[in-house]
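J.: Quick one, what's the 3D model for this:
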Amino acid sequence: MTDLKFTVSAVSTAKAGTKPVLVVLGAAKVGGAVELQGSDLLTPAQLGLIGVTGKAETVTRTLAGELSVAILGLGDEAPTTDDWRELGGAIGRGLNEVPALELRLPVTDVQQAEALLEGIALGNYAYVGRPNSSKLKKVHLVTALSVDAKALGRIGVVARSVREARDLSGTPANLLYPAKFADIAASAAETDGLKFEVWDEKRLAKDGFGLIAAVGMGSVRPPRLVKLTYSPAKKATKHLALVGKGITFDTGGLAVKPLGGMLGMKYDMTGAATVYSAIRAIAAAKLPITVTAYLCLAENMPSGSAMRPGDVFKARNGKTVEVTNPDAEGRLVLADGISAASETMPDLIVDVATLTGAARVALGVRYTGLMGSDYGVQAIGQAAAKAGEPTWHMPLAKELRSFLDSPVADLQNSKVGATVGGMIVGGWFLHEFVGNKADGSKLDWAHLDIAGPADNEGAAYGYTPHGPTGVMVRTLLSLAENLAAE
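T.: The predicted structure follows:
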C-alpha cells in the first residue's frame, strides 16, 4: 500500500476536462432541513431527492453540473477535532475507487484539517495479506487554513506506523513467531538506525529472564526478548521505555482454551507490535528523546515441556512467581520486560498488552484500560486525548493486592476462581516488577490494557477497520512528543 499524497491550498484543482477528481462536500441537518455546508452546488431540495440525510459518516454519490461529487454526512452538531478524524476515516474507507479527491469541507481550524487528513490516511487501509483495491493516490484539501509540510509529514509517519501495527497483528501465527518477529525487528533497526539486541532461549536463561523462558517452554518455537533503542542526534533530556506483550499465539498452555476462546489469539502479540511500530514512528519523526522498546516474545503452547500449574520461576528482578494459571502468561513475559526496562532508570515506563478479558467486560471494545503512577496516568491521558484514543483510568485498589499472595513464592500470577477485578489484579502483578528510583520510590509507570480495542470484531467505522486496529500507536507517538517538549 502506497502513501497518499496530501496537498492543501485555497485553490480548487477540480476542473472539467482534467483527470477524474471526486469532489467531497459536507451536509448536515440544520433547523430540520439538510443542507450543504460551505457550498451551493446542490440545494436542500436536491439533497432530499437523492436521499442525503446528513447522518455522520454516510456517503452519497451524485453529479453537480460537470462535477462528480460525494456528499459526506457531518451529523447534527458541528464536528469536533476527533469527529473530523472519524469523518476522514469514512472518506478513506468509502471513496477509494478514484485516484484523486478534492475536499471542500467546513473545517474551522488547523487541528481539524490535520485530523481530517489523518483520518483519511488511517481509513484507507487493507491488510497486507489481501489484495488492495484502493486506487486513491492524491487528496487535496481546499481551505484558507495553513497546514504546513511538517504536519503533512507527520500524517504520513502516523499512517505507516499504524498500518504496520495492524499488518503485524493480523499475520497468522504460523508466519509470525518469536524468532521471525525478532528478524523483522533486526531488519527494521538497520533501516531506521536503531540499536538492536536480542536474547534467544539460552541467553534468556543465562541472564535471568526466567518468566519469558517459562512461558516459551512448551513450544517448539522458542521465546525471544528484543530490545530496540532510539537515540536522537542531539542529547536527550528524557528517556521513555516501552514494553510490549508479544505472545505470538496463546493456546492457554496447559490451561488450554476452548476453540471459541482460542480463535483470534494470533492478536495476543499486539502489544509488542504497538511498541515496535511506535519506536519506529518516533525515530522517523526524529524526536529529541531517548526511547527503548522491549518486545517480550513467546508462544504459549501445551506440551510435555510446558509450565504446569504450581510451578515456581524466578523473574529478572529476583522475585519468585508461582504459576497458578498458565493462561495468565502475558503478565509473566511483561514482568521480565518491565524489570529490564527498570534497570535503565527511564523517566517513564509504559507497557502495552492485550492482557485481560476482564478489560473487555469492564470497558467494552473501544476504551483502553489505564493504570499506573499519578504521573504515568496523567501523561498517557493527555497523549491519548490528543490522539483521540479513549482511555479509562482504573484504580489499583489496595484490597485486591492480596489476590497475588502465594504460600510458596513471592507472589502468584493469578487468583484462580476469583471473578472480581481481573484487570486490576493484572495491573497489580505488573506493579510488582516496576523498579525503584534512587530515593527508593517507584519509577513512573503506566499500563495499557488494550484487550478491548485491539481487535475490531464488528464492521469498520470511522478510521477503524475490521480486525486489528493499531490502537495506541498514535498515543505513544503523542506521548513521546509531549515528553520531548517538557
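J.: CA atoms for contacts and neighbours, from now on please.
T.: Noted.
J.: which stretches of the chain form helices?
T.: 44-49, 81-94, 110-123, 149-170, 178-192, 201-206, 210-215, 259-262, 270-284, 330-342, 357-363, 374-387, 422-431, 473-485 (DSSP state H).
J.: dump the residue contacts of Leu95.
T.: Leu136 (Cα atoms under 8 Å, 6 or more residues apart in numbering).
J.: ditto for Gly337
T.: Contacts of Gly337 (Cα under 8 Å, 6+ apart): 225, 243-244, 294-296.
J.: 10 Å instead, please
T.: By Cα atoms under 10 Å, 6 or more residues apart in numbering, Gly337 lies in contact with 209, 211-212, 225-227, 241-245, 293-297, 315-317, 331, 351, 430, 433-434.
J.: With Leu74 instead?
T.: Per Cα under 10 Å, 6+ apart, neighbours of Leu74: 25-29, 36-37, 53-59, 83-84, 87, 105-106.
J.: same thing with Arg280?
T.: 157, 160-161, 164, 185, 188-189, 191-194, 228-230, 286, 293, 477.
J.: quick one: low-confidence parts of the protein?
T.: In the predicted model of the chain, residues 1-2, 15-20, 131 satisfy pLDDT under 70.
J.: ok, 50 please
T.: 16-17 (pLDDT under 50).
J.: domain assignment for it?
T.: The chain breaks down by automatic domain parsing into domains covering 5-147, 158-485.
J.: was I right about Pro223 contacting Gly210?
T.: No. Using Cα atoms under 10 Å, Pro223 makes no contact with Gly210, being 11.1 Å away.
J.: Find residues that contact each of those two.
T.: With Cα under 10 Å, 6+ apart, Pro223 and Gly210 have common neighbours 201, 204, 333.
J.: isn't the second one right next to Arg224, touching?
T.: To tie it back to what came earlier, the one meant is Leu204. Yes. Using Cα under 10 Å, Leu204 is in contact with Arg224, at 7.7 Å.
J.: list the residues that contact both of those two?
T.: 198, 212-213.
J.: now these as a markdown table including neighbour count?
T.: Formatted as a markdown table, the shared contacts of Leu204 and Arg224 follow (neighbours: other Cα atoms under 10 Å):
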| residue | neighbour count |
| --- | --- |
| Val198 | 19 |
| Ile212 | 32 |
| Ala213 | 28 |
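J.: what's the closest of these to Asn482?
T.: Proximity of the shared contacts of Leu204 and Arg224 to Asn482 (Cα to Cα) peaks at Val198, which lies at 29.1 Å.
J.: Could you report the distance from the closest residue to that closest one other than its chain neighbours to Gly244?
T.: Excluding the flanking residues, the one nearest Val198 by Cα to Cα, 6 or more residues apart in numbering is Val226, at 4.5 Å. Going from Val226 to Gly244 by Cα to Cα, to the nearest Å gives 10 Å.
J.: got any residues that touch both of the two?
T.: Contacts common to Val226 and Gly244, judged by Cα under 10 Å, 6+ apart, are 272, 276, 293-297, 337.
J.: Neighbour-wise, which one of these leads?
T.: Gly337 (34 neighbours; other Cα atoms under 10 Å).
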